[in-house]
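Peer 1: Build the 3D model from these lines:
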Amino acid sequence: MPASEGREGIILVADDNEANRELVTALLSAEGYQVVCAANGQQALARVEGDSIDLALLDVVMPRPTGFEVCQAMKFKPETRLIPVILLTSLNSDADRIHGIMCGADDFLNKPVNKQELLARVHSLLRLKQFTDELDNAETVLFSLALTIEAKDPYTEGHCDRLSKYSVALGEKLGLPQDLRVALRRGGLIHDIGKLAVPEHILLKPGPLTPEERKIMEQHTVIGEGICAPLRSFRHVLAIIRHHHEKQDGSGYPDGLKGAQVPLTARILQITDIYDALTTDRPYRKALPQEKAFAIMREEVKRGWWDGSILDEFEAVVHGYEPVHPAGSGS
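Peer 2: Below is the predicted model of the structure:
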């Protein structure tokens, strides 16, 4: 591809050897890439945090932080972990490569750099980064759409953000793995996205819904699942969206699931959703105190609606203590 056509992508080249930096920069610039340089690990981290970097080429043996350490720091932070990293190294041992993989490196290039291999690997990883960015953009659109639903009702302002934070805190308390905690954060924000398909006269109706209106409203869980289904990164969120209105006794919707059939993440969101609804102002009543809200929820547990063991854990999160589970207690 001629340089005049240009290639998309800003590439960071970090190497303490000026000749190496100039060589790699010249090869990439000739292909139309935009290149920024760093002479050590500290400069590399500053570049990553301050610029819109699409790919990083890091020399392994730099003054501290080393290329390994810069890579590890990038992969640790959510805002930079998706930037592809190629480690440039003259180290050839299996141990060094394994260490690089453990630090999160996406690829390796041996020094001296082979031009065609460098360009092929850069092109491949930048294409992958483009797909990741498109996915990121799709998620951002979903979150924005979800906020438009919340914005229609002044009484629900901040509701989704609170649910997201409550659910993640409860997920951490329960020891859920990282992927499910991410799903809870996303689920808190977009669990009601299917309400985009619910007419406003039903969505904002101040009084009770008619049976026909309720049937339309209850479809929002299925519609929401359909909206998010194409995104593979949302595969753990789908169960939250579809099942957050199920009940332990099978009287919920849309599938009438019972007990443990209701996914754990959906049960977590249920508890935080009800608590937030009870402890914030609504058109028909003022916000309830925490203890009154928990008393109502415990009564609903006795009716067979919610998972009592999760309610215990959530109350512990809110009050900051360890729950006590009497022998034989359950949901």
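Peer 1: where are the low-confidence patches of the stretch 151-300 of the chain?
Peer 2: Along the stretch 151-300 of the chain, segments meeting pLDDT under 70 span 153-156, 283-284.
Peer 1: one more time with 90, if that's ok
Peer 2: 151-161, 196-198, 200-208, 227-234, 280-287 (pLDDT under 90).
Peer 1: Walking through the stretch 51-200 of the chain, point out its strands one by one.
Peer 2: For the stretch 51-200 of the chain, the strands defined by DSSP state E, counting those that start in this stretch cover 55-59, 85-89, 107-110.
Peer 1: Packing partners of the second one?
Peer 2: Strand 85-89 sits against strand 55-59, helix 67-76, helix 94-102, strand 107-110, helix 115-151, with contacts defined as 3 or more CB pairs under 8 Å, 6 or more residues apart in numbering; DSSP states H and E. All C-beta atoms are positioned from the backbone trio N, CA, C, and that covers glycine.
Peer 1: ok, and what's touching it?
Peer 2: For strand 85-89, the external contacting residues (CB atoms under 8 Å, 6 or more residues apart in numbering) are 15, 20, 24, 55-61, 67-68, 71, 74-75, 96, 100, 104-111, 113, 121-122, 125.
Peer 1: Going through those residues, which ones are buried?
Peer 2: 15, 20, 24, 55-60, 67-68, 71, 74-75, 96, 100, 105-106, 108-109, 111, 121-122, 125 (16 or more other CB atoms under 10 Å).
Peer 1: now the helices and strands packed on strand 85-89 as a markdown table including distance to residue 287?
Peer 2: Shown next, in a markdown table, are the helices and strands packed on strand 85-89 (distance: least, CB to CB, whole Å):
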| stretch | distance to residue 287 |
| --- | --- |
| strand 55-59 | 48 |
| helix 67-76 | 38 |
| helix 94-102 | 48 |
| strand 107-110 | 53 |
| helix 115-151 | 17 |
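Peer 1: Buried deepest among these, which one?
Peer 2: strand 55-59 (a mean of 27; mean count of other CB atoms under 10 Å).
Peer 1: what's the neighbour count on the nearest residue in space to residue 163 that is not next to it in sequence?
Peer 2: Of all residues beyond its chain neighbours, the one nearest residue 163 is residue 188 (3.7 Å), with distances taken as CB to CB, 6 or more residues apart in numbering. Look at residue 188: counted by other CB atoms under 10 Å, it has 27 neighbours.
Peer 1: do the same with residue 177
Peer 2: Residue 177, neighbours per other CB under 10 Å, totals 10.
Peer 1: distance of it from residue 316?
Peer 2: Computed as CB to CB, to the nearest Å, the residue 177 to residue 316 distance reads 20 Å.
Peer 1: for the host helix or strand of residue 269, packing partners?
Peer 2: Per DSSP states H and E: residue 269 is located in helix 264-278. Using 3+ CB pairs under 8 Å, 6+ apart, the elements in contact with helix 264-278 are helix 159-173, helix 178-190, helix 238-243, helix 290-302, helix 308-319.
Peer 1: contact partners of the shortest one?
Peer 2: It stands for helix 238-243. 183-184, 187, 190-191, 193-194, 221-222, 224-225, 228-229, 254-255, 257, 262-263, 265-266, 269.
Peer 1: Show the contacting residues for the residue found closest to residue 304 once you drop the neighbours it is linked to in the chain.
Peer 2: Nearest non-adjacent residue to residue 304, counting by CB to CB, 6+ apart: residue 249, 3.4 Å away. By CB under 8 Å, 6+ apart, residue 249 lies in contact with 258, 303, 304, 305.
Peer 1: give me the element the last one is part of.
Peer 2: If you go by DSSP H and E, residue 305 is not part of any helix or strand.
Peer 1: my guess is it contacts residue 247, does it?
Peer 2: Yes - proximity of residue 305 to residue 247 meets the contact threshold set by CB atoms under 8 Å, at 4.6 Å.
Peer 1: buried residues in stretch 146-166?
Peer 2: 146, 149, 150, 156, 159, 160, 162, 163, 164, 166.
Peer 1: domains of this protein?
Peer 2: Following automatic domain parsing, one gets these domains for the chain: 3-132, 152-319.
Peer 1: distance of residue 193 from residue 305?
Peer 2: Distance from residue 193 to residue 305, by CB to CB: 24 Å.
Peer 1: what about the two, which has more around it?
Peer 2: Using other CB under 10 Å, the more surrounded residue of residue 193 and residue 305 is residue 193, with 24 against 18.
Peer 1: Let me see the contact set for the residue nearest to residue 16 when sequence neighbours are not counted.
Peer 2: Spatially, and ignoring its direct neighbours in sequence, residue 16 is nearest to residue 62 (4.8 Å; CB to CB, 6+ apart). Counting by CB under 8 Å, 6+ apart, residue 62 touches 14, 15, 16, 40, 41, 44, 70.
Peer 1: quick one: the fifth one and residue 64 touch, right?
Peer 2: It refers to residue 41. Yes - assessed by CB under 8 Å, residue 41 is found in contact with residue 64 at 6.0 Å.
Peer 1: more crowded one of these two?
Peer 2: Higher neighbour count among residue 41 and residue 64: residue 41, with 23 against 9, using other CB under 10 Å.
Peer 1: For residue 294, see how far away that one is.
Peer 2: Residue 41 is 50 Å from residue 294, by CB to CB.
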